[in-house]
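Student: Following is a predicted model, sequence given first.
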Amino acid sequence: MQAIRPVKKPSKQRKMIYQAPDHIRYKLFGAPLSPELRTSQKVKSVPIRSGDTVRVMRGDHKGFEGKIARVNRKKYRIYVEGLTREKVDGTTIFVPIHPSKVMITNLNLDDKWRKKILERRREARKMVEELAAKVEEKPPVEAKELREEAIEEKPKAKKPRKRKVAKKPAAEKAKKEAQKEKKPKAKKAIAKRRTAKKTEGEV
C-alpha cells in the first residue's frame, strides 16, 4: 500500500485530499454509527456505501433520514433518496452532502467483504480492550513489562548501515609525513613579458 507522510501545511493537506488515490478516498468517506449500531456492531465508524440509511446531523437539512442513492468519490459527496431541490429551469436534482455531516442508522450488509471488515475490526478492538484490562489489573511494574513486550513484538525498522573506513596504521602515516618533509618545494617560474621594440622603419 502507498504510504502517505503526514504534512502540517494546510495547502499541502488540501492538495493531498484532491489528488488522493481511490483506496485512500474510500477511507475519507468514514461516518460515525448511531448509538444502537455502535453497541450491536462494536465499531465506532465505517466508510459509507450506497444502500446505507443515514441521518443528516448538520446543515439546512438537519434531521432528514433516508437511504443513500449514490456516492461520488470524485467530489467527496453523497446523495440521499428524497433529499432533492428544484433548479431554476424546473428540473429536480439531489442535494450533495459531505459524508462527515451524517450518521449511519442502518448498515447495508449485502456485501460479504464488508462483513469480514467489520469482524476484523471487532476482533482488533477486543484485543485492545483485553490488553488494557490486563494492564489495569497488574501492578505498575508488571504493566510496564507488558507494554515493553507489546513494543518488542512490533517489527523494528532497519537502520542504514554506516560504512567503516579502514584506518591506516601509524607506521604508514609517519612514513608519508617523512617523505613530504624530504621533498623540497619547487619554485614557480615567473613568466617575463617581453616588450616589442618598434624599429624606426616600421609603420
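Tutor: Arrived safely, thanks for sending.
Student: switch to C-alpha atoms for all contacts and neighbour counts from now on
Tutor: OK.
Student: any idea how far Lys134 is from Arg147?
Tutor: 10 Å (Cα to Cα, to the nearest Å).
Student: And for Ile151?
Tutor: With distances taken as Cα to Cα, Ile151 is found 16 Å from Lys134.
Student: so what's Lys87 up against?
Tutor: Counting by Cα atoms under 8 Å, 6 or more residues apart in numbering, Lys87 makes contact with Ile93.
Student: Please disregard the earlier target; I meant Ile93.
Tutor: Thr84, Arg85, Glu86, Lys87.
Student: Export those residues as TSV, with columns for secondary structure, pLDDT and distance to Ile78.
Tutor: Below are these laid out as TSV (DSSP: H, G, I helix; E, B strand; the rest coil; pLDDT from 0 to 100; distance: Cα to Cα, whole Å):
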residue	secondary structure	pLDDT	distance to Ile78
Thr84	strand	95	12
Arg85	strand	95	15
Glu86	strand	95	18
Lys87	coil	95	19
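Student: Would you mind checking the average pLDDT for the lengthiest helix in the chain?
Tutor: Assignment by DSSP state H gives helix 112-137 as the longest helix of the chain. For helix 112-137, mean pLDDT rounds to 89.
Student: looking at the chain, which helix or strand is least sure?
Tutor: The weakest-scoring helix or strand in the chain, judged by mean pLDDT, DSSP states H and E, is helix 140-153 (a mean of 68).
Student: hey, what's the residue nearest to Phe29 when sequence neighbours are not counted bridged with?
Tutor: Nearest non-adjacent residue to Phe29, counting by Cα to Cα, 6 or more residues apart in numbering: Pro47, 4.9 Å away. Counting by DSSP bridges, Pro47 forms beta bridges with Gly30.
Student: what's the following helix or strand after the strand ranked longest in the chain?
Tutor: If each strand of the chain is counted by residues according to DSSP state E, the longest one is strand 65-72. The helix or strand immediately downstream of strand 65-72 is strand 77-80, counting by DSSP states H and E.
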